[in-house]
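Enquirer: missing the sequence, but the structure's below:
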């Protein structure tokens, strides 16, 4: 199993550009989520999904969209990038909606100029 | 509001010395409790978790944590630190019956030889 994979590993955007961060898992996990990590702030939940076709907002959803058309994939879209979205983004998945162990991807480091 | 506090931003210990990383939470009831470790440039790895039962839990890499209800704490300990333990450590909590994981700001551990 590859676990949780994320692409790209690094990305530089200009303000106003859009892009999609990809996340995939091959563990048949129902629950997937996106976090952003900023120095001194830990990880903050952006959006999450409890299964295909179901998504919900986390703590910091503004400026981001998600969709969950398959169990495996959970892309994160930045509609119009802003410098405040410069961060490291982690995707995570777990089996079921109760807080079992979450498996994290390696992260995407995004810089918005 | 639910919150997780890790009071120490940085901790430096000598190799072979003991370690204790502090975590306090503010929740209405005892939540699920986790400790994760993040090595530089990597994703997060689960060290240990507490759901119920014995308040002293053992994890991977020789770590343990003790849940103290009266102090709303879940401190991480290791009797003898190795240089490879240098990393950032995150405490995280989840409300029972919920599905969101809330992270503390993290503690950066430096190990000196």
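Expert: Everything's here; your move. Keep in mind it's a predicted model, so treat the numbers as computed, not measured.
Enquirer: any regions of chain A where pLDDT drops low?
Expert: For chain A, the stretches flagged by pLDDT under 70 are A:97-100.
Enquirer: need the contact list for residue B:67.
Expert: By C-beta atoms under 8 Å, 6 or more residues apart in numbering or on different chains, the residues touching residue B:67 are B:30, B:33, B:50, B:55, B:56, B:57, B:73, B:74. Quick note: C-beta positions are derived from backbone N, CA and C, even for glycine.
Enquirer: one more time with 7 Å, if that's ok
Expert: Applying C-beta atoms under 7 Å, 6 or more residues apart in numbering or on different chains, we find residue B:67 in contact with B:33, B:50, B:55, B:74.
Enquirer: got a list of contacts for the lowest-mean-pLDDT helix or strand in chain B?
Expert: When the helices and strands of chain B are scored by mean pLDDT, DSSP states H and E, strand B:101-103 comes last with a mean of 90. Strand B:101-103 is touched from outside by A:42, A:43, A:99, A:102, B:2, B:4, B:90, B:92, B:93, B:94, with contacts defined as C-beta under 7 Å, 6+ apart.
Enquirer: show me the residues you listed that map onto strands.
Expert: Counted as lying in strands by DSSP state E, out of the contacts of strand B:101-103, are A:43, B:4, B:90, B:92, B:93, B:94.
Enquirer: quick check: residues of chain A near chain B?
Expert: A:31, A:40-43, A:45, A:50, A:58, A:90, A:97-99, A:101-102, A:104-107 (C-beta under 7 Å from any C-beta of the partner chain).
Enquirer: count of residues packed around the closest residue to residue A:49 other than its chain neighbours?
Expert: Leaving aside its sequence neighbours, residue A:49 sits nearest to residue A:68 (C-beta to C-beta, 6 or more residues apart in numbering or on different chains; 4.2 Å). Residues near residue A:68, counting by other C-beta atoms under 10 Å in any protein chain shown, number 19.
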